[in-house]
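Asks: Fold the following.
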Amino acid sequence: METAVGLCDAPESQLQPVLHVDFAANGHYALCGVVDSGKSTFLQTLLFGLVNRYSPDHLNIYALDFSAGKLSVFQDLPHVGGVMDGSDPERIRKFFGMLERMAQQRQKLLAGGGYRQY
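Replies: Just a heads-up that it's a prediction; the model follows:
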């Protein structure tokens with residue numbers, strides 16, 4: 001699962017190649033930055049690329065947005081199970097409960113199959 005998110009600068013070769021985020025090849029990513037550094041804009045770009053490339057059958061998004069609410073534009077897409085902000089702590093609690101149940105189900109499903117990382 002991958003999508004283009006912009007251009008990166010390679011001054012030594014005087015190129016600006018396309019920057020891809022590839023979850024299948026690289027696993028998880030961490031996004032860090034100070035206030036107003038573009039984190040929410042980057043996430044909008046990433047999600048826009050993913051929802052335009054993959055069907056809701058292959059992509060499910062749950063977003064926690066404790067910032068400017070920029071991810072709320074995705075809320076009504078069929079790919080999106082929810083966009084949560086700090087105004088509804090009960091909804092966030094239920095979301096993390098759902099994640100815990102999913103992790104337990106996957107651990108049971110993969111138990112005994114030689115998947116030691118689980």
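Asks: Sticking with residue 98, tell me its helix or strand.
Replies: If you go by DSSP states H and E, residue 98 is part of helix 89-110.
Asks: residue ranges for the helices of the chain, please.
Replies: Using DSSP state H, the helices found in the chain span residues 23-26, 39-53, 89-110.
Asks: The second one: which residues count as buried?
Replies: In other words, helix 39-53. By neighbour count on 16 or more other CB atoms under 10 Å, the buried set for helix 39-53 is 39-40, 43, 45-47, 49-51. Just so you know, the C-beta spots here come from the backbone N, C-alpha and C atoms, and that holds for glycine as well.
Asks: what's the answer for stretch 19-36, then?
Replies: Across stretch 19-36, burial judged by 16+ other CB under 10 Å covers residue 21.
Asks: possible to save the helices of the chain as CSV with distance to residue 4 and mean pLDDT?
Replies: Below are the helices of the chain laid out as CSV (distance: least, CB to CB, whole Å; pLDDT from 0 to 100):
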stretch, distance to residue 4, mean pLDDT
helix 23-26, 13, 92
helix 39-53, 6, 95
helix 89-110, 28, 92
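Asks: I'd like these as a markdown table, with distance to residue 67 appended.
Replies: Formatted as a markdown table, the helices of the chain follow (distance: least, CB to CB, whole Å):
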| stretch | distance to residue 67 |
| --- | --- |
| helix 23-26 | 22 |
| helix 39-53 | 5 |
| helix 89-110 | 15 |
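Asks: hmm, back to that, just the closest of the buried residues of helix 39-53 to residue 23, please.
Replies: Of all those, residue 50 has the smallest distance to residue 23: 9.0 Å, by CB to CB.
Asks: Look up how far residue 109 lies from the closest one.
Replies: Residue 50 sits 25 Å away from residue 109, going by CB to CB, to the nearest Å.
Asks: Looking at the buried residues of helix 39-53, spot the one nearest residue 10.
Replies: residue 45 (19.5 Å).
Asks: Nearest residue to that closest one in space, please, no chain neighbours.
Replies: Excluding its sequence neighbours, the residue lying closest to residue 45 (CB to CB, 6 or more residues apart in numbering) is residue 5, at 5.1 Å.
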